[in-house]
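Visitor: fold the following.
(chains A and B)
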Amino acid sequence: EDQVTQSPEALRLQEGESSSLNCSYTVSGLRGLFWYRQDPGKGPEFLFTLYSAGEEKEKERLKATLTKKESFLHITAPKPEDSATYLCAVQAGSSYKLIFGSGTRLLVRP
Amino acid sequence: GAVVSQHPSWVICKSGTSVKIECRSLDFQATTMFWYRQFPKQSLMLMATSNEGSKATYEQGVEKDKFLINHASLTLSTLTVTSAHPEDSSFYICSAGAPAHNEQFFGPGTRLTVL
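Guide: As a prediction, the model looks like this:
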């Protein structure tokens, strides 16, 4: 069964304190791995898509990387406005369905 | 990124009534739309996948007769919660995608409260 596990469940950082979020996956034929940001009471906002091991993508203070078993979302010098829940999802095989992890709730304190 | 809208953003209804939620892709043609439900502090759970012009495919455990999905055009899908009960209260989110784009773009969500 296709599965996505995110860790940690919650993370508190001081402003400027860099860290990484983990997303490990077990799927049959990875089609793509996606990172989304979700603010309370809102829909997920698309951040990145990764397709193959070794791929990296960056956007402002965020950098996503992918291996054959997991993905990391690195946050460099975070600011309070980076506080949100970060969701990881995968597509497998020929399906366009997204299988979501449970998310990491990030709180960045000033 | 692509823009997806939902209407209404929140709705309160009495038990036993039906509620319709609209999902629109504003700047691209969405051949496939997805409907999710999210309970507090939980992740998104896929309810169904709808392709334009065909019947929706429901996930295991989701009642087809209770959650009616229509995808009549490439820019509009609707979810109707029939005979709503308090346990149907949740945050409903749609997403839209197209074969040329693996990414799904999400709407802002609809908060349904059934009294």
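
Visitor: hey, let's count contacts and neighbours off CA atoms from now on
Guide: OK.

Visitor: quick check: can you name the pairing partners of the helix or strand encompassing B:S77 and their directions?
Guide: Using DSSP states H and E, the element containing B:S77 is strand B:76-81. Paired strands of strand B:76-81, with direction, are strand B:19-25 (antiparallel), strand B:67-73 (antiparallel) (DSSP bridges).

Visitor: next structured bit after the first one?
Guide: Along the chain past strand B:19-25, the next helix or strand (assigned with DSSP H and E) turns out to be strand B:32-38.

Visitor: any low-confidence regions in chain B?
Guide: Within chain B, the stretches with pLDDT under 70 are B:1, B:98-101.

Visitor: flag every residue of chain A that's near chain B.
Guide: A:32, A:34, A:41-46, A:49, A:87, A:96-98, A:100-103 (CA under 8 Å from any CA of the partner chain).

Visitor: which among those end up buried?
Guide: The neighbour-count test (16 or more other CA atoms under 10 Å in any protein chain shown) marks A:32, A:34, A:42-46, A:49, A:87, A:96-98, A:100-103 as buried among those.

Visitor: can you name the two of the residues you listed that are farthest apart?
Guide: With CA to CA as the measure, no two of those lie farther apart than A:G32 and A:K42, at 23.5 Å.

Visitor: you'd agree B:K66 is up against B:V81?
Guide: Yes - using CA atoms under 8 Å, B:K66 makes contact with B:V81 at a distance of 5.8 Å.

Visitor: returning to what we had before: the following helix or strand past the strand holding B:S77: partners in the sheet, and parallel or antiparallel?
Guide: Using DSSP H and E, the next helix or strand after strand B:76-81 towards the C-terminus is strand B:90-98. In the sheet, strand B:90-98 lines up against strand B:32-38 (antiparallel), strand B:101-106 (antiparallel), strand B:110-114 (antiparallel) (DSSP bridges).
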